[in-house]
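Fold the stuff below for me.
(one chain, ligands or ions: 3)
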Amino acid sequence: MSEIKLIIDNIEVTGFERQTILDIARENNIDIPTLCHDDRVEIYGACGLCTVEIGDSPKLFRACSTFAATGMAVRTNTERIRQNRKTALELLLSDHVGDCRAPCSLACPAETDCQGYVKLIADGKYPEALKLIMEKIPLPASIGRVCPHPCEEACRRELVEEPISICALKQFAGDLNIEYIPETGDPTGKNIAIIGGGPGGLTAAYFLRLQGHGAAIYDAMPEMGGMLQYGIPEYRLPKKILRKEIAAIEKTGVIFKNNIKIGRDISLDSLRNEFDAVIVAAGAWTSTGLGCPGEELDGVLGGIDFLRDVATVNKYDFTGKKIAIVGGGNTAMDACRTAVRLGADKVYNIYRRTKNEMPAERIEIKEAEEEGVIFKNLTNPIEIIGGENNKVKAARLQIMELGEPDASGRRSPVAIAGKEETVEIDVVIVAIGQKLGKLGFDEIEKTRWGTIIASENTCQTNLDGVFAIGDATNKGADIAVTAIGEAKQAAETVNKYLRGEKLSRETPYLAKTEKTAEDFADKEKLPRIKILCRDADERRKDFSEINSVMTEDEAKKEASRCLECGCHAFRNSDCKLIDYANQYNAQPEKFNGAIDRCGQENIQDYLNLDSGKCILCGLCVRICDEVEGETLLGFVNRGFDTAVKPALTGLSDVDCGSCGKCFDACPTGALFGRLNK
Ligand code: SF4
Ligand code: SF4
Ligand code: SF4
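Ligands and ions are numbered 1, 2, ... in the order given. Next up is the predicted model:
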């Protein structure tokens, strides 16, 4: 064959006659995308991604089926070509039924691979499960106990009967007697100060250490852990469990500096001078005030101050007293249930809407009620009345009703004119919100609510090299796992900052599917494993943990209920379709229409076909035929109804050698081995 010379993207390259442009480009490390090409089989030209421009021709050519010739000038990456590829991908994806990531993982603010660790537990691979969780959450046993698990709200198993106990499975993995201390990266010589040793600060430090940076946490309290240490009561999170996890983080080389308050003992400025970057994860430690007469009286406490005092000095004896906790969130429930355990005669929860609108978890409300908390919904304190020595004596409550929905979508509480109630009270605990303390962060730009303004994409503040995450930022206090998610993001951003790279983070395109109960009509109903909770009469008397941990058998059984919703190809980084979709910024929504092919079938012992993910590239059919010399897979029907099927009734009826070459070649997650080969 004679040699030819041509230009590809302004570079002179050589090849041989009868070679395609695609072949020569690949030999010269010039990337031309394709989903349907494989050197082992005849050219097919189905996907339409490999288009290129040649010379002055107004046409686009398929690089996989166009022979190169001397003197050709080929362009592989012009704006027109990129648009053409984008449209080709959008058309392929518009007819594509699949979930790149499982709904549970998408709902986790820390982006935990829930499906992955649930499956590993189902398979008895416990250390691997723990390791996978700790790729996102370095406090699995603690978070497994306190997280309100948004993952479970999104879990598809709900469409069969009940969601998987994803969070309790995390706790199970975290409670195993395994200490996993990951290896840290090569030292970079860079050092980062983290302000605040709560879940966010600890996580940021952990991931910075794994990247090889030095990380020192400054915290105002005597021990690390933040709200997990001082805001979550012992009966929900035993501190010996938390301390063990914190100690493991310290073993990665994080330096702990306790009893240091920013603005009192050290300034933000001095940390900026001493370190290469600073992450503020200070939390929200100041209780929001009640804003009614009498809130200055002796016996009015902030919710978070109360919980912190109980966790440290425990100076309260509520025996025989009447305690009112104002607020409807989880902190209010923690305060109510702590007051019960401190011997209170009566504990009231005062909330201006109904129980349905309470932001606290349903289980927290239910368990509080079982422990004897009296819910006074649709009431709002309008005055705290003082008695002898300026001590709280009673609370005047305004009776409310629900009006129109407000901006949050919840119906607004409206006062009923002239309707009030006075309740005898000894202590009022105000748990209606928390905010950042005043000291120490004057230079950082804040919202009108006093929280730090930090980019949701990069965690950057207005100060160069200062990043901020968690309860102290933007919308304020949130659940711990949100701070953990932001912390990992901040660690990644700081890493880029220190390398002088672009900081912004793109949100990738992911294929998603809506499912209904009908899709799972044939699934056997398997109720989830019940987590045992101590009897209310017993548990209200002490601070011992109230829930039990799953046994190994229970954990395996529970994990085996998982529907494995996310695509195995995405989890194995093995889908060219999604890689190209993101590379070309595909937005298939504009082509949305009827989906013709969907449904999974097991077409042979080891082989599954998910027709909804098939892009009809024909690679599997051609590999089977041209490489293996068999015709066990083929196309059936025509036009929109075309689908890949076993050419005969089923592969088990024929001599399939289980070589797996068909699913290895599949550029999407459509064909896959049952063992995830
Ligand atoms: S085949 Fe690819 S695009 Fe489709 S769901 Fe799987 S990973 Fe996502
Ligand atoms: S069934 Fe499994 S993979 Fe699907 S959402 Fe639930 S936990 Fe996640
Ligand atoms: S199943 Fe076959 S035809 Fe469908 S995408 Fe995979 S390799 Fe292509």
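
Count the neighbours of Thr76 for me.
Using other C-beta atoms under 10 Å as the criterion, Thr76 is surrounded by 19 other residues. Placement of C-beta: from N, CA and C, glycine included.

Tell me the spacing between it and ligand 3.
23 Å (C-beta to the nearest ligand atom, to the nearest Å).

so who does the residue nearest to Arg82 when sequence neighbours are not counted touch?
Closest residue to Arg82 apart from its sequence neighbours, by C-beta to C-beta, 6 or more residues apart in numbering: Tyr584 at 6.3 Å. Tyr584 makes contact with Arg82, Arg85, Lys86, Leu89, according to C-beta atoms under 8 Å, 6 or more residues apart in numbering.

Separate out the buried members of the residues you listed.
Arg85, Lys86, Leu89 (16 or more other C-beta atoms under 10 Å).

Give me the phi and psi for the second one.
So the one you mean is Lys86. Lys86 has phi and psi values of phi -60, psi -50 when expressed as degrees, to the nearest 10.

Glu424 touches Val392, doesn't it?
No. Contact criterion C-beta atoms under 8 Å: Glu424 and Val392 do not qualify, at 9.8 Å.

need the longest helix for the chain.
As assigned by DSSP state H, the longest helix anywhere in the chain is helix 480-499.

Mind listing the residues bridging to Ala216?
Partner residues in beta bridges with Ala216: Ala193, Ile255, with DSSP bridges as the criterion.

what's the neighbour count on Gly387?
By the measure other C-beta under 10 Å, the count of residues near Gly387 is 14.

ok, now which ones touch the nearest residue to it once chain neighbours are set aside?
Ranked by C-beta to C-beta, 6+ apart and with sequence neighbours excluded, the top spatial neighbour of Gly387 is Lys393, at 3.2 Å. Contacts for Lys393 were tallied using C-beta under 8 Å, 6+ apart; they are Ile385, Gly386, Gly387, Glu424, Ile425, Asp426.

so Lys393, which of the three states?
The assignment at Lys393 comes out as strand when based on DSSP: H, G, I helix; E, B strand; the rest coil.

that older thread, so which pair among the contacts of Lys393 is furthest apart in space?
In terms of C-beta to C-beta, the contacts of Lys393 reach their longest pairwise distance at Gly386 and Glu424, which sit 12.8 Å apart.

So for the two, which residue has more residues nearby?
Gly386 (18 against 13).

Return the distance of Asp471 relative to ligand 1.
Using C-beta to the nearest ligand atom, Asp471 is found at 34 Å from ligand 1.

And for Thr507?
The span separating Thr507 from ligand 1 equals 15 Å under the rule C-beta to the nearest ligand atom.

number of nearby residues for that residue?
The burial count assigned to Thr507 is 7, neighbours taken as other C-beta under 10 Å.

how about it, secondary structure?
Local secondary structure at Thr507 is given as coil here, using three-state DSSP.

Arg561 is in contact with Lys119, correct?
No. Between Lys119 and Arg561 there is no contact, the gap being 11.2 Å when judged by C-beta under 8 Å.

quick one: low-confidence ranges for the stretch 501-650 of the chain?
593-599, 648-650 (pLDDT under 70).

And the helices in it?
In the stretch 501-650 of the chain, helices defined by DSSP state H, counting those that start in this stretch lie at 536-539, 552-559, 568-571, 576-583, 619-622, listed in chain order.

Likewise for the stretch 201-350 of the chain?
Assignment of helices within the stretch 201-350 of the chain using DSSP H, counting those that start in this stretch yields the ranges 227-230, 239-250, 268-274, 303-312, 330-341.

Please compute how far the third one lies from its chain's middle.
So that's helix 268-274. The offset between the C-alpha centroid of helix 268-274 and the centroid of the whole chain comes to 32 Å, using C-alpha atoms, centre = their mean, to the nearest Å.

May I ask which helix or strand of the protein has the lowest mean pLDDT?
Counting by mean pLDDT, DSSP states H and E, the chain has its least confident helix or strand at strand 600-604, which shows a mean of 73.

which strands and helices sit next to that strand?
The contact analysis (3 or more C-beta pairs under 8 Å, 6 or more residues apart in numbering; DSSP states H and E) places strand 600-604 against strand 607-610, strand 643-646.

can I have the next helix or strand after the last one written out in CSV, keeping just the CAs?
On the C-terminal side of strand 643-646, the nearest following helix or strand under DSSP states H and E is helix 661-665. As requested, the backbone C-alpha atoms of helix 661-665 are provided in CSV (Å, rounded to 0.1, in the frame of the first residue of the first chain):
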residue,chain,number,x,y,z
LYS,A,661,-17.2,-9.8,24.4
CYS,A,662,-20.6,-8.3,23.5
PHE,A,663,-21.0,-6.5,26.8
ASP,A,664,-17.4,-5.5,27.0
ALA,A,665,-17.9,-3.8,23.6
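
who touches helix 661-665?
Around helix 661-665, the neighbours that count as contacts under C-beta under 8 Å, 6+ apart are 38, 607, 619-620, 623-624, 627-628, 633, 671-673, 677.

What score does Leu675 have for pLDDT?
At Leu675, the model reports a pLDDT of 42.

hmm, I was thinking of Ser94
Per-residue pLDDT puts Ser94 at 88.

measure it to Phe591 for me?
Between Ser94 and Phe591 the computed distance is 4 Å (C-beta to C-beta, to the nearest Å).

what does Ile178 give?
Using C-beta to C-beta, one obtains 48 Å as the distance from Ile178 to Phe591.

next one: Leu92
10 Å.

Give me the next element, helix or strand, following the helix or strand containing Ser412.
Here Ser412 sits within strand 411-424, counting by DSSP H and E. Scanning the chain past strand 411-424 towards its C-terminal end, the next helix or strand to appear is strand 427-430 (assignment: DSSP H and E).

next helix or strand past that next one?
strand 434-435.

What separation do you get for the closest residue to His149 other than its chain neighbours and Arg528?
Sequence neighbours aside, Cys167 is the residue nearest to His149 in space, at 4.0 Å (criterion: C-beta to C-beta, 6+ apart). Here the distance between Cys167 and Arg528 works out to 12 Å (C-beta to C-beta).

Those two - which one has more neighbours?
Cys167 (23 against 18).

check contacts around the more buried one.
With contact taken as C-beta under 8 Å, 6+ apart, Cys167 is in contact with Ile143, Gly144, Cys147, His149, Cys151, Glu152.

can you list those residues in TSV and add secondary structure, neighbour count and pLDDT?
As requested, those are arranged in TSV below (DSSP: H, G, I helix; E, B strand; the rest coil; neighbours: other C-beta atoms under 10 Å; pLDDT from 0 to 100):
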residue	secondary structure	neighbour count	pLDDT
Ile143	helix	28	98
Gly144	helix	24	97
Cys147	coil	25	96
His149	coil	24	95
Cys151	helix	27	98
Glu152	helix	22	97
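
could I get these as TSV with distance to ligand 1?
Converted to TSV, those look like this (distance: C-beta to the nearest ligand atom, whole Å):
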residue	distance to ligand 1
Ile143	27
Gly144	28
Cys147	27
His149	24
Cys151	19
Glu152	22
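
and of the residues you listed, the nearest to Glu162?
Using C-beta to C-beta, Glu152 is the member of the contacts of Cys167 that sits closest to Glu162, with 9.1 Å.

And the residue of the stretch 201-350 of the chain found nearest ligand 2, how far from ligand 1?
Relative to ligand 2, the nearest point of the stretch 201-350 of the chain is Thr203 (22.3 Å; C-beta to the nearest ligand atom). Thr203 sits 27 Å away from ligand 1, going by C-beta to the nearest ligand atom.

do you know how far that residue is from Thr184?
Thr203 sits 15 Å away from Thr184, going by C-beta to C-beta.
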